[in-house]
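Visitor: Give me a model of this one.
(one chain, ligands or ions: 1)
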Amino acid sequence: MDAAALWQRYQDWLYYDEGLGFYLDVSRMRFDDAFVEALQPKFDRAFADMAALEEGAIANPDENRMVGHYWLRDPDLAPTPEIKQDIIQTVEKIEDFTKKVLSGNIHPPQASRFTDIISIGIGGSALGPQFVAEALSPDFPPLAIHFIDNTDPAGIDRILTRLRNRLASTLVIVISKSGGTPEPRNGMIEVKKAYAGHNLDFSKYAIAITSEGSNLDNLAKSENWLATFPMYDWVGGRTSELSAVGLLPAALQGIDIWAMLAGAKVMDTLTRVHDVKNNPAAMLALSWYFAGNGRGEKDMVVLPYKDSLLLFSRYLQQLVMESLGKEKDLDGKTVYQGIAVYGNKGSTDQHAYVQQLREGVANFFMTFIEVLEDRQGASPEVEPGVTCGDYLSGLLQGTRLALYENHRDSITVTIPQVNPRTVGALIALYERAVGLYGFLVNVNAYHQPGVEAGKKAAAVILDLQRQVCQVLANESKPLSLTQLAEKVGASDRIEAIYKIVRHLYANGRSVKLQGNLGDLNSLQISAL
Ligand SMILES: O=P(O)(O)OC[C@H]1O[C@H](O)[C@H](O)[C@@H](O)[C@@H]1O
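Guide: Here you go, the predicted structure:
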């Protein structure tokens, strides 16, 4: 395509919304009109399915659940008056609670103000709050947030050590929709012990965000925690940023949650349009479908050229991959769907892996996220007439061009600045694009059956560990691995038993290992 034709294509496909100052450019995705036409029937169905979803259909049939994250920013759309009231009251409660915390009306027993937050949660109960904190938290927030998003003891220590002198003024928000996920439960138990170690009454610091009636909810109520906020059955973890999960931590950091909700609401309106070319989420879904033949054959690389958006790709990784990565489609057919997502930020990544993107295996398409405003205030020149921001902008344009010349396609999303409104809009844009794409390829984008397998396997290992420890405790003489596995009654699980023993030994826990550590047949195992 020559320069004039490309310029025409750019104009033909450029999407712009004045209210948000938002642009979407898919001109560098090489689909043609015939492709768009061929996909039209699928889009017609997807638009109809999406409309039904928004009206309260059971869009997650396996779990028999409605899918209602769109109602969070427009409660008038909720299918029942009760749901509408719930949404409104929760946001009011968040606002009221935040005001009281920030004014010192609600304060810790031994200090006049809360200074910090430990947020404990994983997956959808962490990634949104982390992304938003990185993107929007002021330089000096009223409360500084710290995340425990794993069951890594060293990671937990790091947070608790850093906060050692401020624990007495640190709020703890435990976030778990199910209220039973092991990682946040473990984090909560350890943090609770740390508070007890400092003679602090954990319940005066703790807040739960969870489903009503969950284990976490029951615990919080029985121990009379500072507050609880609801997580709804009809909001999935990966689409929960604009529920209490994301709104409470954001508000406590001084982020304007109303602007986030408003930005999302505007984007929801824009992406409800039943016309591919005038619906930015549909344009994204079309582009993804084109890039990967509707089978995820190409990875989605997401590169925001703005430090504060660093975690956007990580956030999208869960949203896209947990939603679309499915073995079966809605008819039960084996399809192995999905789109792999990765990326950090530009121009930083240009000095890491963009070499491969430009010249190596062409198994991806790029999404550039461009922010028009360089910074607040004027920029000094780093060369005559040129600023840092000019470089960043030039590097984005240059990389887009260099990729295109080498037949690598790209999408460019442009926002005027990173603020609560545009971040809310970005979240809503990708939620809708994922939903539409899910309908295009006929998968249930709202369940995650594959996640259960790893959880179950981990539970089996922990069970085996208990048995191993019991056998060793009752043995007077050291055992070989084979003997130990036999006594446990799990000879077929000898490798797992070896790994359990090695881990316990490395941590000085109840097990002694003798012999050559590199020769597994020489090992003699006994209780400490
Ligand atoms: O919020 P929770 O119930 O603790 O769930 C946390 C996360 O873990 C699960 O395994 C799912 O894969 C995620 O979708 C979810 O966000």
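Visitor: Can you report how many residues lie near the residue nearest to Arg113 when sequence neighbours are not counted?
Guide: The shortest distance from Arg113 to any non-neighbouring residue, by CB to CB, 6 or more residues apart in numbering, is to Gly104 (5.1 Å). C-beta coordinates here come from the backbone N, C-alpha and C atoms, glycine included. As a burial measure, Gly104 scores 12 neighbours (other CB atoms under 10 Å).
Visitor: mind checking how far Gly104 is from Tyr336?
Guide: For Gly104, the distance to Tyr336 equals 55 Å [CB to CB, to the nearest Å].
Visitor: Same check on Asp329?
Guide: 10 Å.
Visitor: Give me the more crowded residue out of those two.
Guide: Taking other CB under 10 Å, Asp329 and Tyr336 do not tie; Asp329 has more neighbours (16 against 11).
Visitor: From the ligand, how far off is the more buried one?
Guide: From Asp329 across to the ligand, the span is 20 Å (CB to the nearest ligand atom, to the nearest Å).
Visitor: helix or strand right after the one helix or strand in the chain whose mean pLDDT sits lowest?
Guide: Within the chain, confidence by mean pLDDT, DSSP states H and E is lowest for helix 449-473 among all helices and strands, at a mean of 92. Per DSSP states H and E, the first helix or strand lying C-terminal to helix 449-473 is helix 481-488.
Visitor: then the helix or strand just after that next one to CSV, C-alphas only?
Guide: For helix 481-488, the succeeding helix or strand toward the C-terminus, using DSSP H and E, is helix 494-506. Extracted C-alpha coordinates of helix 494-506, given in CSV (Å, rounded to 0.1, in the frame of the first residue of the first chain):
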residue,chain,number,x,y,z
ILE,A,494,8.1,-41.2,44.9
GLU,A,495,9.2,-38.1,43.0
ALA,A,496,6.6,-36.0,44.9
ILE,A,497,7.8,-37.5,48.2
TYR,A,498,11.4,-36.7,47.3
LYS,A,499,10.5,-33.1,46.6
ILE,A,500,8.5,-32.7,49.8
VAL,A,501,11.4,-34.1,51.9
ARG,A,502,13.9,-31.9,50.1
HIS,A,503,11.8,-28.8,50.7
LEU,A,504,11.3,-29.7,54.4
TYR,A,505,15.0,-30.3,54.8
ALA,A,506,16.0,-27.0,53.1
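Visitor: quick one, helix 494-506 and helix 449-473 angle?
Guide: Here the directions of helix 494-506 and helix 449-473 differ by 70 degrees (axes from the mean of the first three to the mean of the last three CA atoms, to 10 degrees).
Visitor: what about helix 494-506, distance to the chain center?
Guide: Centroid separation between helix 494-506 and its chain, computed with CA atoms, centre = their mean, to the nearest Å, is 32 Å.
Visitor: do the same with stretch 149-169
Guide: 21 Å.
Visitor: From start to finish, how long is that stretch in a straight line?
Guide: The first residue of stretch 149-169 is 21 Å away from its last residue (CA to CA, to the nearest Å).
Visitor: what do you get for stretch 224-233?
Guide: In stretch 224-233, first residue to last residue: 23 Å (CA to CA).
Visitor: And the ligand, is it touching that?
Guide: No - legend: contact between stretch 224-233 and the ligand by CB under 6 Å from any ligand atom is lacking; minimum distance shown is 7.2 Å.
Visitor: buried set for that stretch?
Guide: By 16 or more other CB atoms under 10 Å, the buried positions in stretch 224-233 come out as 225-232.
Visitor: what two of those residues are the furthest from one another?
Guide: Among the buried residues of stretch 224-233, the pair separated by the greatest distance (CB to CB) is Leu226 and Tyr232, at 21.1 Å.
Visitor: residues from this structure in reach of the ligand?
Guide: Counting by CB under 6 Å from any ligand atom, the chain comes close to the ligand at 122-125, 176-178, 181, 184, 237-238, 322, 448, 451.
Visitor: how deep is the closest residue in space to Lys345 that isn't next to it in sequence tucked in, by neighbour count?
Guide: Spatial nearest neighbour of Lys345, excluding adjacent residues (CB to CB, 6+ apart): Leu310 at 5.0 Å. Other residues lying near Leu310 total 17 when counted by other CB under 10 Å.
Visitor: again with Val276
Guide: Val276 has 19 neighbouring residues, counting by other CB under 10 Å.
Visitor: Repeat that for Glu495.
Guide: So Glu495, with other CB under 10 Å, has 11 neighbours.
Visitor: can you check Gly515 too?
Guide: Other residues lying near Gly515 total 15 when counted by other CB under 10 Å.
Visitor: Looks to me like Trp7 is in a helix.
Guide: Yes - counting by DSSP: H, G, I helix; E, B strand; the rest coil, Trp7 falls inside a helix.
Visitor: What separation is there between it and Ser27?
Guide: 9 Å.
Visitor: Likewise for Arg408?
Guide: With CB to CB as the criterion, Arg408 and Ser27 are 14 Å apart.
Visitor: Neighbours of the residue of the stretch 151-300 of the chain found nearest the ligand, how many?
Guide: As assessed by CB to the nearest ligand atom, the ligand sits closest to Gly237 within the stretch 151-300 of the chain, at 2.6 Å. Gly237: 26 surrounding residues under other CB under 10 Å.
Visitor: same deal with the one 5 residues further on?
Guide: Around Leu242 there are 27 other residues, counting by other CB under 10 Å.
Visitor: What of Ala458?
Guide: The tally of other residues near Ala458 (other CB under 10 Å) stands at 12.
Visitor: do the same with Ala378
Guide: For Ala378, using other CB under 10 Å, the count is 7.
Visitor: doesn't it fall inside a helix?
Guide: No - looking at Ala378 with three-state DSSP, it is coil, so not inside a helix.
Visitor: Use 484 as the first number for this chain going forward.
Guide: Will do, 484 is the new start, and the previous item becomes Ala861.
Visitor: So it versus Trp741, what's the distance?
Guide: Taken as CB to CB, the span from Ala861 to Trp741 is 30 Å.
Visitor: buried ones in the one helix or strand Gln572 maps to?
Guide: Element membership for Gln572, per DSSP H and E: helix 564-586. Residues 566-567, 569-570, 573-574, 576-577, 580-581, 584-585 are the ones in helix 564-586 that count as buried (16+ other CB under 10 Å).
Visitor: Can you lay out the residues you listed as JSON lines showing pLDDT?
Guide: Formatted as JSON lines, the buried residues of helix 564-586 follow (pLDDT from 0 to 100):
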{"residue": "Ile566", "pLDDT": "97"}
{"residue": "Lys567", "pLDDT": "98"}
{"residue": "Asp569", "pLDDT": "97"}
{"residue": "Ile570", "pLDDT": "98"}
{"residue": "Thr573", "pLDDT": "98"}
{"residue": "Val574", "pLDDT": "98"}
{"residue": "Lys576", "pLDDT": "98"}
{"residue": "Ile577", "pLDDT": "98"}
{"residue": "Phe580", "pLDDT": "98"}
{"residue": "Thr581", "pLDDT": "98"}
{"residue": "Val584", "pLDDT": "98"}
{"residue": "Leu585", "pLDDT": "98"}
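Visitor: Thank you kindly, that will do.
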